[in-house]
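1. Structure of the sequence below:
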Amino acid sequence: MTTRVNYDHELNLLNEDIKEMGQMVENSIEQCFIAFEDQDFEKAEDIIKGDRTINDLERSIEARCLSLILRQQPVAGDLRVVSSALKVVTDLERIGDHASDIAELILRIKGEHVYHVVRHIPTMANAAREMVRCSIDAFITQNLETARQIEQQDDVVDELFDKVKTDVVDLLKQSTEQIDQCIDLLMIAKYLERIGDHAVNVCEWTEFAMTGALKNVRIL
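-> The predicted structure is shown next:
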């Protein structure tokens, strides 16, 4: 193989790994809220255990990126793509951590109807998961327009977070007997808000890979 063909082959393998990791963290978020709604504590425990697999894949992708840089010595646009991939997998790993954190809270929050107590959490979970899915797709396909659209969607997740806080305050006005449960529900929403932030980071690294600018500042 020529150097360029070999590099393109390695880059395709890298993208496949990132896509796989993205699917894993997206699935973790989805399974969290299935476990929450069904009160399936075994599924919640599986999500926590599965975070190790996500961490292992992050290290594997980091090793592939460093190998690419050392062996292929990419420059300009090629270097931006590989270096941004290193940053993207860090954000994906943090998303996996937050899904695991939510699963741990699910194990603590027990109650047949608790999933529906704060009505905006399921909507917020779907919005955050969709942001993750689309941000990874934008990075893999190097779609700058999609990346910028997803960044705007973070406002929707932030608005839903505000609504969850209002829901929790209303619950506490009715009764303070379940204050610990309310705090845990608020923490779940906070983790979802952070997941949305990490999806935005992925979009910003997509923009950097394509333009050399990060948050409108030219870097490379």
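
2. Quick one: mean pLDDT for the strand or helix carrying residue 43?
-> Element membership of residue 43 [criterion: DSSP states H and E] is helix 41-72. What helix 41-72 shows for mean pLDDT is 95.

3. Same check on stretch 86-98?
-> Per-residue scores along stretch 86-98 average to 98.

4. can you give me the offset of that stretch from its chain's centre?
-> Its chain's average C-alpha position is 6 Å from that of stretch 86-98, according to C-alpha atoms, centre = their mean, to the nearest Å.

5. Residues in contact with it: which ones?
-> 18, 21-22, 24-25, 28-29, 51, 54-55, 58, 61-62, 65, 132, 136, 139, 191-192, 194-195, 198-199, 201-202, 205 (C-beta atoms under 8 Å, 6 or more residues apart in numbering). C-betas here are computed from N, CA, C, even on glycine.

6. cutoff 6 Å now
-> 21, 25, 28, 51, 54, 58, 61, 65, 139, 191, 194-195, 198, 201-202, 205 (C-beta atoms under 6 Å, 6 or more residues apart in numbering).

7. and what of stretch 122-134?
-> 26, 29-30, 33, 150, 153, 156-157, 160, 192, 195-196, 199.

8. Output the below-cut-off pLDDT ranges for the chain.
-> Residues of the chain meeting the criterion pLDDT under 70: 1-2, 111-112, 216-220.

9. for it, what spans make up the strands?
-> Here the chain has its strands, by DSSP state E, at 213-214, 217-218.

10. any idea how far residue 207 is from residue 185?
-> 34 Å (C-beta to C-beta, to the nearest Å).

11. ugh, typo on my part, it should be residue 18
-> Counting by C-beta to C-beta, the gap from residue 18 to residue 207 is 16 Å.

12. Residue 55 now?
-> Distance from residue 55 to residue 207, by C-beta to C-beta: 27 Å.

13. Looking only at neighbour counts, state which of those two leads.
-> residue 207 (21 against 14; other C-beta atoms under 10 Å).

14. dump the residue contacts of the more buried one.
-> residue 147.

15. same check, this time on residue 84
-> 205, 208, 209.

16. do that again at 10 Å, thanks
-> 65, 139, 202, 204, 205, 206, 207, 208, 209, 210, 214, 220 (C-beta atoms under 10 Å, 6 or more residues apart in numbering).

17. Distance of it relative to residue 183?
-> Per C-beta to C-beta, residue 84 is found 37 Å from residue 183.

18. Likewise for residue 30?
-> Residue 30 is 24 Å from residue 183, by C-beta to C-beta.

19. and what of residue 175?
-> 14 Å.

20. out of those two, which sits in the more crowded spot?
-> Set residue 175 next to residue 183 and count neighbours by other C-beta under 10 Å: residue 183 wins out with 13 against 9.
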